[in-house]
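Chemist: Pasting the sequence and the predicted model now:
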Amino acid sequence: WGRLRTMQRAYAVAALALTGVVLVPGPALYGFIAVLAIALYVPFSLHITLGQDYLPNRVGTASGVTLGLAVSIGGLFAPALGALADATSLHTMLTTLLVFPTVAWLLSRRLDEPTRLESQQQEAEAKGQALQP
């Protein structure tokens, strides 16, 4: 399927599963939680490898940025989400979380496969032109 398509589908499934967590009561909730956990786990390694492919000359920087942003942004938002849940309800906080996989899905649709970027760079070099980032 390709990395980008897999990542996009995982985010779409995560948004749907989170909607199920918010709306579905009873034992079926556990199934939605399991699907949500898997759907959020899938893009993790894809982000790292895509970052390394987008910055091939700076593999360490790419890994640090992808992992560092995930940990630091998550650490910043977790207390705020907890405060929101305390001030309103868990249902409201989980509904707010729907924004994250939806935005991730929308942003991932703007990305090009790194192989296409490399082939465009090679074509531009063959023509004697530098491809602008």
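Modeler: In hand now; what should we look at? Residues are numbered from 1 along each chain as shown.
Chemist: what stretches of this protein score poorly on pLDDT?
Modeler: For the chain, the stretches flagged by pLDDT under 70 are 115-126, 128-133.
Chemist: Would you point out which residue is most central in it?
Modeler: Centroid-nearest residue in the chain: residue 104, 4.8 Å away (criterion: Cα atoms, centre = their mean).
Chemist: How about that one, nearest residue that isn't a chain neighbour?
Modeler: Nearest residue to residue 104, sequence neighbours excluded (Cβ to Cβ, 6 or more residues apart in numbering): residue 11, at 4.7 Å. In this view, the C-beta of every residue, glycine as well, is placed from N, C-alpha and C.
Chemist: host element of that neighbour?
Modeler: Assigned by DSSP states H and E, residue 11 belongs to helix 3-23.
Chemist: Report all helices and strands that that helix contacts.
Modeler: Applying 3 or more Cβ pairs under 8 Å, 6 or more residues apart in numbering; DSSP states H and E, we find helix 3-23 packed against helix 28-54, helix 90-97, helix 99-108.
Chemist: Quick one: these as TSV, columns for distance to residue 83 too.
Modeler: Below are the helices and strands packed on helix 3-23 laid out as TSV (distance: least, Cβ to Cβ, whole Å):
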stretch	distance to residue 83
helix 28-54	22
helix 90-97	9
helix 99-108	17
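Chemist: Give me the contacts around the helix holding residue 11.
Modeler: For helix 3-23, the external contacting residues (Cβ atoms under 8 Å, 6 or more residues apart in numbering) are 1, 28-29, 31-33, 35-36, 39-40, 42-43, 46-47, 49-50, 91, 94-95, 97-98, 101-102, 104-105, 108-109, 111-113.
Chemist: Name the residues of it that come out as buried.
Modeler: Neighbour counts over helix 3-23 (16 or more other Cβ atoms under 10 Å) mark 3-4, 7-22 as buried.
Chemist: next one: stretch 104-111
Modeler: So for stretch 104-111, counting by 16+ other Cβ under 10 Å, buried means 104, 105, 108.
Chemist: How about stretch 34-49?
Modeler: Buried residues in stretch 34-49 (16+ other Cβ under 10 Å): 35, 36, 39, 40, 43, 46, 47, 48.
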